[in-house]
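[1] Pasting the sequence and the predicted model now:
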Amino acid sequence: MSKECHKLIEAQKWLLSDQYSYGEWGKCEETNPTDSHRTYEISRIKPNLFISSQAVISLIATGYNNLTPYNLFFKWLHELRNEEGYWTSASGSLIPAGKGRGWSEVKNIRHTAKALDLLMMRNEFVPADSLILHQLLSDQLNDGSFPQHPE
């Protein structure tokens, strides 16, 4: 086996070891040993969608062909989608009385754009997704970027 192939396999192994059992990637971000570990429930509140999507794309690009990590990821991705067809994330703001923060689940334009892109790549983009894509394109900024949240 060539040195390059060995490095490629090592990179794939590292990516695979970074996936949580429920499908999300990002174990590498757990750096504080006193913090609690991410769980499925936490991933639904504040998903690591960008890191996870990059891991999937990297594995596909390097020819990894075991479907298990992909299936876990796409199962998780579909479970994150709300009933309107968007992907959401928690957003917080200061509570008017007191110094705490209030959390709410809001549409995440960037997450939705990335998720729809992945569904297109997997041939899972359906006609109803076109309406959401149209809305995303109307939310797109003049510089070509997408805001995190609508408006």
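    Nice, I can see it.
[2] For this protein, give me the ranges with low pLDDT.
    92-103 (pLDDT under 70).
[3] Centre-most residue in it?
    Centrality entry for the chain: nearest residue to the mean C-alpha point is Leu49, 1.3 Å, by Cα atoms, centre = their mean.
[4] residue boundaries of the helices in this protein?
    Secondary structure of the chain (DSSP state H): helices at 3-17, 40-45, 49-61, 68-80, 109-121, 127-139.
[5] So which residues lie in contact with the second one, not counting its own?
    Put plainly, it is helix 40-45. 20, 22, 24, 76, 79-80, 89-90, 103, 105 (Cβ atoms under 8 Å, 6 or more residues apart in numbering). Any C-beta I mention is one placed from the backbone N, CA and C, and that applies to glycine too.
[6] any idea how far Leu15 lies from Tyr70?
    12 Å (Cβ to Cβ, to the nearest Å).
[7] for Arg110, same thing?
    Taking Cβ to Cβ, one finds Arg110 at 22 Å from Tyr70.
[8] cool, Lys3 as well?
    Separation of Lys3 from Tyr70 (Cβ to Cβ): 27 Å.
[9] These two: who's more crowded?
    Tyr70 (16 against 7; other Cβ atoms under 10 Å).
[10] Can you select the buried ones from the contacts of helix 40-45 in PyMOL?
    This is the PyMOL syntax for the buried subset of the contacts of helix 40-45, where burial follows 16 or more other Cβ atoms under 10 Å:
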select buried, resi 20+22+24+76+80+89
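[11] closest to Ser130 among the contacts of helix 40-45?
    Leu80 (19.9 Å; Cβ to Cβ).
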